[in-house]
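Enquirer: Predicted coordinates and the sequence they were generated for:
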Amino acid sequence: MKKIAVLTSGGDAPGMNAALRAVVRTATYYGMEVYGAKRGFDGLIQGDIYKMKSYSVSNIISLGGTILKTARSVDFHAQEGRDKAYEQLQSRGIEGLIVIGGDGSMMASDRFSKAYDFPIIGIPGTINNDLYGTDFTIGFDTAVNTALDAIDKIRDTANSHDRIFFVEVMGRDAGYIAIQTGIGGGAELVMVPETETSIQDVISTLQAGWDRAKSASIVVTAEGNAEGSAIDIAQKVKSHINNKDIKITTLGHIQRGGSPSAFDRILSSRLGLNAVEALRSGKKGVMIGIIKDEVVYTPLDIAVNTPKPLNDELVRMVEILNS
Ligand SMILES: Nc1ncnc2c1ncn2[C@@H]1O[C@H](COP(=O)(O)OP(=O)(O)OP(=O)(O)O)[C@@H](O)[C@H]1O
Ligand SMILES: O=P(O)(O)OC[C@H]1O[C@](O)(CO)[C@@H](O)[C@@H]1O
């Protein structure tokens, strides 16, 4: 394989640049030409594709975001858009594609790869960590560390004012960021979409803490909770407890930005390098991942459609460590 392309798609994640660097440098090392498509699948469709050289990725390993930019492409959902994307690749003689993104991007890659018999290797890049076939996705570790830093600061105010804080973290329908942030930040309770936690459960947990003379509490809530956002949950709790000072913090996109952690830089570099080697060796239609420190390949449809349950031990720990 002589010519390949790379793009970043879906939400940006810290470490995407480190992965791009690894892809470009590895392809260059093997004497391949590498092209970058701008703004995810939109760039493929519009032919916004440019040749990348080793120096195109200089000094980006420590940068958050993605130098190729990203998008949630509406046009790629349509057959016409995907046909155009294929023509753009064909007309440039590009023989393989590396897609760095989340579950939606892997689904799109599976569809495209099967429809046009086009070799694609997916690299899991999303702060959500919601992809089967890898222990960790690019950006998750940095997002958790950013959220933890925020929780540590919030705890100062919670303690000084004897307040209850509801802190909402991202993750879409997955509770990975919430559970790890909750454990690392010593939260009194973590509400994740994977486990049912009623408003009564929240009140009982908080009450148990007050009975043990706890004066401040932090509840970490995942954005995909059945009980709603942190604002919704706080309002419901407040209607049962009127003698407590309740505050809400939604961390939002702060979790997606910033310089990637050491863990994310190394994960991204490893996945990027191995993705190029996978294309060279004839692999296609798979997502690359790392499980128990081993590089593994999972068919894209399996990576997207297989649930990745939260580790039960982590869920169990919160209650015990808060007692
Ligand atoms: N079924 C599909 N068919 C065609 N294209 C799709 C499909 N699903 C997703 N895509 C494309 O992939 C893009 C990225 O998907 P999405 O917006 O869900 O983000 P993601 O990759 O899941 O990233 P994140 O986890 O950060 O949200 C979409 O904007 C769309 O262009
Ligand atoms: O930035 P956007 O497009 O609003 O997307 C937000 C979503 O993207 C993520 O940050 C990554 O998928 C989710 O955790 C969140 O639900």
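Expert: Great, that's in hand. Ligands and ions are numbered 1, 2, ... in the order given.
Enquirer: For this protein, list the residues in contact with ligand 1, please.
Expert: 9-11, 41, 72-73, 76-77, 101-105, 107-108, 111, 126, 128 (C-beta under 6 Å from any ligand atom). C-beta coordinates here come from the backbone N, C-alpha and C atoms, glycine included.
Enquirer: Which members of those occur in strands, if any?
Expert: Counting by DSSP state E, the residues of the chain next to ligand 1 place Gly101 in strands.
Enquirer: if I pick the nearest residue to Gly171 once chain neighbours are set aside, what's in contact with it?
Expert: Residue nearest to Gly171 in three dimensions, not counting chain neighbours: Ile177, with 4.4 Å by C-beta to C-beta, 6 or more residues apart in numbering. Residues counted as contacts of Ile177 (C-beta atoms under 8 Å, 6 or more residues apart in numbering) are Ile127, Asn128, Asn129, Phe140, Ala143, Val144, Ala147, Val169, Met170, Gly171, Ala222, Gln255.
Enquirer: In terms of pLDDT, where does Ala262 sit?
Expert: pLDDT, Ala262: 98.
Enquirer: Tell me how many other residues crowd it.
Expert: For Ala262, the count of nearby residues is 9 (other C-beta atoms under 10 Å).
Enquirer: before we move on, the earlier item: separation between the residue nearest to Gly171 and ligand 1?
Expert: 12 Å (C-beta to the nearest ligand atom, to the nearest Å).
Enquirer: tell me which element that residue is part of?
Expert: For Ile177, the host element (DSSP states H and E) is helix 176-184.
Enquirer: Domains in this protein, by residue range?
Expert: The chain breaks down by automatic domain parsing into domains covering 3-139+260-305, 141-257.
Enquirer: wait, does the last one contact ligand 2?
Expert: Yes: using C-beta under 6 Å from any ligand atom, a contact is recorded between domain 141-257 and ligand 2, made by Met170, Gly171, Arg172, Glu223, Arg256.
Enquirer: looking at this, the third one is in a strand?
Expert: Just to be clear, that refers to Arg172. No: assigned with DSSP: H, G, I helix; E, B strand; the rest coil, Arg172 falls outside any strand and is coil.
Enquirer: which non-adjacent residue is nearest it?
Expert: Nearest one to Arg172, counting by C-beta to C-beta, 6+ apart, is Asn128 at 5.3 Å.
Enquirer: how about that neighbour, phi and psi?
Expert: Torsion angles at Asn128 (phi, psi; degrees, to the nearest 10) stand at phi -70, psi -20.
Enquirer: could you list every residue that touches Arg72?
Expert: For Arg72, the contact set (C-beta under 8 Å, 6+ apart) comprises Gly10, Gly11, Gly40, Gly104.
Enquirer: go with 7 Å
Expert: Taking C-beta atoms under 7 Å, 6 or more residues apart in numbering, we find Arg72 in contact with Gly10.
Enquirer: Angles on the backbone of it, please.
Expert: Torsion angles at Arg72 (phi, psi; degrees, to the nearest 10) stand at phi -100, psi 90.
Enquirer: Number the residues from 52 up from this point.
Expert: Taking 52 as the first residue, the last one we looked at is Arg123.
Enquirer: if you average pLDDT over stretch 224-243, what comes out?
Expert: The pLDDT scores in stretch 224-243 average 97.
Enquirer: In that stretch, which of the residues would be classed as buried?
Expert: Residues of stretch 224-243 classed as buried by neighbour count (16 or more other C-beta atoms under 10 Å): 225-234, 236, 238-243.
Enquirer: again, but for stretch 266-277
Expert: Buried residues in stretch 266-277 (16+ other C-beta under 10 Å): Ala267, Ser268, Ile269, Val270, Val271, Thr272, Ala273, Glu274, Gly275, Asn276.
Enquirer: For the stretch 52-201 of the chain, what lies in contact range of ligand 2?
Expert: Gly62, Arg123, Gly153, Thr177, Ile178, Asn179.
Enquirer: so which of those residues is the most crowded?
Expert: Ile178 (32 neighbours).
Enquirer: Leaving out chain neighbours, which residue sits closest to that one?
Expert: Ala194 (3.9 Å).
Enquirer: what helix or strand is the one you found on?
Expert: Applying DSSP H and E, one finds Ala194 within helix 191-212.
Enquirer: one step back: in the residues of domain 192-308 next to ligand 2, which residue is surrounded by the most others?
Expert: Neighbour count (other C-beta under 10 Å) singles out Gly222 as the most crowded of the residues of domain 192-308 next to ligand 2, with 27 neighbours.
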